[in-house]
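> okay, predicted coordinates and the sequence, questions at the end:
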Amino acid sequence: MTHRFDSIDVVREGLRSVDYLADDSIAGVAFLADRLEKPVLIEGPAGTGKTQLAKSIAEMSGARLIRLQCYEGLDEAKALYEWNYKKQLLRIQVESSEGDAEWTEIQDDIFSDEFLLPRPLLEAITADDPVVLLIDEVDRVELETEALLLEILSDYQVSIPELGTIEAKQIPLVFLTSNNTRELSEALKRRCLFLHLDYPSLEREKEIVLTKVPEISENLADQVARIVRSIRQLELKKHPSISETLDWARTLVLLGIENIDESDAVDTVHLLLKYRSDIEKAIKDFTANSAAHFEASQAS
Ligand SMILES: Nc1ncnc2c1ncn2[C@@H]1O[C@H](COP(=O)(O)OP(=O)(O)O)[C@@H](O)[C@H]1O
Ligand SMILES: [Mg+2]
């Protein structure tokens, strides 16, 4: 059995090389997923790097990313495979116009590989090349579809009534993400390694900002990370995610701000928060704790 990663450090450094900053628990789970050949279920608030982790693992390991974006109403035909009806109909027309073909012959013909449209799950299982399968936002599908996923992730095989059983040529590295809009089944959770992605530590978020917004100064990145962290401590409807931190950082750079003062923060806070009531709370907090938040600007 060949493994993709030699050590947890290799995973962490590989992720860093594609600009994804992982802590030990993230790198550790990815390492184990590969060794144990188990899918990883990543859960956590929006914008904490769940989807990006799967993409970055694919990128760093040179694997092809196959993504199944989940939504309510996603069914087998879109997740696994469907028959190409148009092509089948055409073939039936041609064969029946030629006259001599038996129906059973036609049937064998049109339910063959040639007429199969593989969807992401089948595609991932039958791939010859290394693949990372991302099953994104799995909490959005209905329970039946979840059961189908579980079946495939347990056996790595797909049974197609007209064709027989198709077994995986290799076990893909699988990441499922969930925003926790509903509880997933115990069975699915049992099958997977679990990774809870929360907002990063102050240090890691600062590093993410420095990596993703290279024009920013260390001083500004530090202020950004600190202020975002203190906003996350407020009781809000929706806390700022990493993407919003990055948007804010880019905006501050564009505006030529080097030290964030209270009025800069008030003017740009809508990049971090999307609810009016949250914005109001944050602004109140800026004023109340002005000295603590905006120390750097007052010092300069
Ligand atoms: N650990 C990280 N290192 C670098 N960038 C990150 C990291 N986590 C999140 N990001 C950034 O945040 C963005 C949002 O992450 P995403 O994976 O879409 O969130 P989620 O899927 O959890 O909602 C990513 O596109 C990436 O730019
Ligand atoms: Mg996502």
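Yep, that arrived. Ligands and ions are numbered 1, 2, ... in the order given.
> can you tell me the closest non-neighbouring residue to Glu105?
The spatially closest residue to Glu105, leaving aside those adjacent along the chain, is Glu95, at 7.9 Å (CB to CB, 6 or more residues apart in numbering). The way it works is simple: take the backbone N, C-alpha and C, and place the C-beta from them, glycine included.
> what sits against that neighbour?
101, 105-106, 109 (CB atoms under 8 Å, 6 or more residues apart in numbering).
> quick one: those as JSON lines, columns for secondary structure and pLDDT too.
Shown next, in JSON lines, are these (DSSP: H, G, I helix; E, B strand; the rest coil; pLDDT from 0 to 100):
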{"residue": "Ala101", "secondary structure": "coil", "pLDDT": "74"}
{"residue": "Glu105", "secondary structure": "helix", "pLDDT": "85"}
{"residue": "Ile106", "secondary structure": "helix", "pLDDT": "85"}
{"residue": "Asp109", "secondary structure": "helix", "pLDDT": "87"}
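> neighbours around Phe175, how many?
Applying other CB atoms under 10 Å, we find 30 residues neighbouring Phe175.
> one step back: are any of the contacts of Glu95 buried, and which?
101, 106 (16 or more other CB atoms under 10 Å).
> go through the contacts of Glu95 and name the one nearest ligand 1.
Asp109 (43.3 Å; CB to the nearest ligand atom).
> wait, Thr251 sits on Leu272?
No - with contact defined as CB atoms under 8 Å, Thr251 does not count as touching Leu272 (9.8 Å).
> just want to know which of these two has more residues nearby.
More neighbours surround Leu272 than the other of Thr251 and Leu272, with 24 against 17 (other CB under 10 Å).
> how about the strands in the chain?
40-43, 64-69, 81-83, 116-118, 131-136, 157-160, 164-167, 173-178, 193-196 (DSSP state E).
> can I get those strands in a markdown table with mean pLDDT?
What follows is the strands of the chain, written out as a markdown table (pLDDT from 0 to 100):
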| stretch | mean pLDDT |
| --- | --- |
| strand 40-43 | 98 |
| strand 64-69 | 98 |
| strand 81-83 | 94 |
| strand 116-118 | 93 |
| strand 131-136 | 98 |
| strand 157-160 | 90 |
| strand 164-167 | 91 |
| strand 173-178 | 97 |
| strand 193-196 | 97 |
